[in-house]
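**Q** Return atomic coordinates for the entry below.
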Amino acid sequence: MLTTFIQIRFLDILDVFLVAFLLYELYALIKGTTAIRIFIGIMFIYLLWLLVKAMKMELLGSIMGQVMGVGVIALIVVFQQEIRKFLLLLGNRYLKGGKLKFLKNTKMQGGYSAASIEKISTAALEMAGTKTGALIVISMGEPLKSYTEYGEIINADINVQLLKTIFFKDTPLHDGAVLIENDRIYAAKCVLPVSSNSDLPVEYGLRHRSALGMAEVTDTIVIVVSEQTGDISVAHNSKIYKLSHPERLGKMIGGFMNRSEQ
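**A** Predicted coordinates for the structure are as follows:
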């Protein structure tokens, strides 16, 4: 009897592992946001419900069971944005079937040439020197068409002067993000999703939150140039990095691309 009671199957271990994995991914996604407090509260109620059931407190257990049943619907409503981000995160991280292969010599991951990366870096550095605010999204196989609803299609070769002109404060296209896809400037004046991460430094404004929000839900590299300080930051894989040495921007972009291909 004792042996039967403590018998552990492989499926039991797999079950525990999968639940732990999903909880970890969910925690990593909502960490630093207001949703983490709601998540902790729900987990506390759930654990209390399990304790009540184990103690066979029928009346309280029945009431809490009804609350937990309705709570599933409430979870979908409250966490609809987080659920969407979670599914996108899994898709981007583990199902990159659409990524392009690494091409040797002059081509980098995603079909970008070394010359194109240099042009993007040069434009960002020159805009940083004049404190021209900029937001540049580089796709690494992620389709960006859904973010062009309020933007303007450009479909032009990557060019330093063109990028600088787009973000010049007196042009009609400067307010928004430039999307770069398949080694071309695809669109401008695009609206990006805004991150709700509460751990961002207070000096980070809407551009930085938009850059991080885009990096949280898509397989992209997002470059931000601050119009207040001229500092350059790069968002990728749900993280944002402030460059202490802006001249290394090109190497950083290439490093992210090569790392994503591995």
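
**Q** Between the two ends of stretch 147-166, how far is it?
**A** 17 Å (Cα to Cα, to the nearest Å).

**Q** please renumber so the chain begins at 773
**A** Sure thing, new numbering starts at 773, so read that last one as stretch 919-938.

**Q** buried ones in it?
**A** By neighbour count with 16 or more other Cβ atoms under 10 Å, stretch 919-938 contains the buried residues Y919, T920, G923, I926, I930, V932, L934, L935, K936, I938. Using the backbone N, CA and C atoms, a C-beta is placed for each residue, glycine as well.

**Q** element containing the residue nearest the centre of the chain, please.
**A** Nearest to the geometric centre of the chain sits E988, at 0.8 Å (Cα atoms, centre = their mean). According to DSSP states H and E, E988 maps onto helix 978-989.

**Q** Least confident secondary structure element in this structure?
**A** Ranking every helix and strand in the chain by mean pLDDT, DSSP states H and E puts helix 774-777 at the bottom, with a mean of 52.

**Q** re earlier: of the buried residues of stretch 919-938, which belong to helices?
**A** Per DSSP state H, helices hold the following members of the buried residues of stretch 919-938: V932, L934, L935, K936, I938.

**Q** Make CSV out of those residues and add distance to V839.
**A** Converted to CSV, those look like this (distance: Cβ to Cβ, whole Å):
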residue, distance to V839
V932, 59
L934, 57
L935, 54
K936, 57
I938, 53
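
**Q** mind putting those in a markdown table, distance to M912 and pLDDT included?
**A** Shown next, in a markdown table, are those (distance: Cβ to Cβ, whole Å; pLDDT from 0 to 100):
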| residue | distance to M912 | pLDDT |
| --- | --- | --- |
| V932 | 21 | 95 |
| L934 | 21 | 95 |
| L935 | 19 | 96 |
| K936 | 24 | 95 |
| I938 | 21 | 95 |
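
**Q** which among these gets closest to S885?
**A** V932 (14.2 Å; Cβ to Cβ).

**Q** just checking, the closest one touches M899?
**A** No. Taking contacts as Cβ atoms under 8 Å, V932 lies outside contact range of M899: 9.8 Å.

**Q** Mind jotting down where the helices sit in the stretch 873-1022 of the chain?
**A** 886-901, 932-939, 978-989, 1021-1033 (DSSP state H, counting those that start in this stretch).

**Q** gap between L832 and A826?
**A** Here L832 is placed at a distance of 12 Å from A826 (Cβ to Cβ, to the nearest Å).

**Q** With neighbour numbers in mind, choose between those two.
**A** The residue with more neighbours, out of L832 and A826, is L832; 13 against 9, by other Cβ atoms under 10 Å.

**Q** got a pLDDT number for the more buried one?
**A** Per-residue pLDDT puts L832 at 83.

**Q** In which helix or strand does it reside?
**A** helix 830-850.

**Q** Tell me the helices and strands packed up against that helix.
**A** Applying 3 or more Cβ pairs under 8 Å, 6 or more residues apart in numbering; DSSP states H and E, we find helix 830-850 packed against helix 807-826.

**Q** Tell me what angle the helix it packs on forms with helix 830-850.
**A** On the basis of axes from the mean of the first three to the mean of the last three Cα atoms, to 10 degrees, helix 807-826 is oriented at 160 degrees to helix 830-850.

**Q** what separates helix 807-826 from the chain centre, distance-wise?
**A** In terms of Cα atoms, centre = their mean, to the nearest Å, the centre of helix 807-826 is set 28 Å apart from its chain centre.

**Q** same question, stretch 917-925
**A** Using Cα atoms, centre = their mean, the offset of stretch 917-925 from its chain centre is 18 Å.

**Q** hmm, who's touching that stretch?
**A** 909, 945, 948-949, 951, 958-964, 986 (Cβ atoms under 8 Å, 6 or more residues apart in numbering).
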